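Asker: Okay, here's the prediction I keep looking at, along with the sequence it came from:
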Amino acid sequence: MAIPWLLVLQSVPWTDVIKNAPKVTEGAKKLWSSVSGKSAAQDKTDEGRKSALAQKPQTLATLQARVEAMEITAAELHSQMLASSELIKTLADQNIQLVTRIEALRIRVKWLTIATVFFGVVAVVALLLAGGR
């Protein structure tokens with residue numbers, strides 16, 4: 001099981017992932033700000049529409065009921081979109097943290113590999129010198 005994960009991790013272009021992680025975070029933040037900003041403006045627009053409907057005589061009660069049902073559905077969809085964009089923002093922030101930690105671990109593994117090779121060479125040389133005496 002570990003071998004496929006190792007192959008997957010080796011096939012990921014980490015330099016591209018690290019380079020693009022800030023762009024992903026900025027995109028998520030822009031999405032969050034645009035979606036959260038629309039909710040306040042939409043609430044004001046909805047209040048204006050309701051007051052305009054209250055002034056007109058109600059001749060088509062069924063159409064008004066359908067419009068109200070659609071407004072409720074639109075509000076539910078907007079709240080779901082808001083929650084989804086918040087989730088995307090959170091995931092983008094976690095992605096940045098994950099990428100920075102993986103990069104640190106990659107550098108650490110590189111240094112450990114160099115140290116292991118160095119000490120392996122020293123051990124082989126020591127064995128050859130001890131065996132030659």
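Answerer: Right, received. Where do you want to start? Quick caveat: nothing in here was measured; it's all calculated off a predicted structure.

Asker: Pull the number of nearby residues for the nearest residue to Ala92 once chain neighbours are set aside.
Answerer: If you skip the residues right next to it in sequence, Ala92 has Ala28 as its closest partner in space, 3.5 Å away by C-beta to C-beta, 6 or more residues apart in numbering. To be clear about C-beta, it is placed using only N, CA and C from the backbone, and glycine gets the same treatment. Burial of Ala28, expressed as a neighbour count using other C-beta atoms under 10 Å, amounts to 21.

Asker: Could you do Ser85 as well?
Answerer: Per other C-beta under 10 Å, the neighbour tally for Ser85 reads 19.

Asker: Would you agree it is in contact with Trp32?
Answerer: Yes. At 5.1 Å, Ser85 counts as touching Trp32 under the criterion of C-beta atoms under 8 Å.

Asker: which secondary structure element contains the residue nearest to Ala92?
Answerer: Taking DSSP states H and E as the definition, one finds Ala28 inside helix 14-55.

Asker: Then Ala69?
Answerer: Counting by DSSP H and E, the element that carries Ala69 is helix 61-132.

Asker: on contacts alone, who are the packing partners of that helix?
Answerer: Identification of packing neighbours for helix 61-132 by 3 or more C-beta pairs under 8 Å, 6 or more residues apart in numbering; DSSP states H and E yields helix 14-55.

Asker: quick revisit: tell me the average confidence for the helix holding Ala28?
Answerer: Regarding helix 14-55, the rounded mean pLDDT is 67.

Asker: swap in stretch 89-108?
Answerer: Per-residue confidence for stretch 89-108 averages out to 85 on the pLDDT scale.

Asker: tell me which residues in it are buried?
Answerer: Within stretch 89-108, the residues that qualify as buried by neighbour count (16 or more other C-beta atoms under 10 Å) are 89, 92, 95-96, 99.
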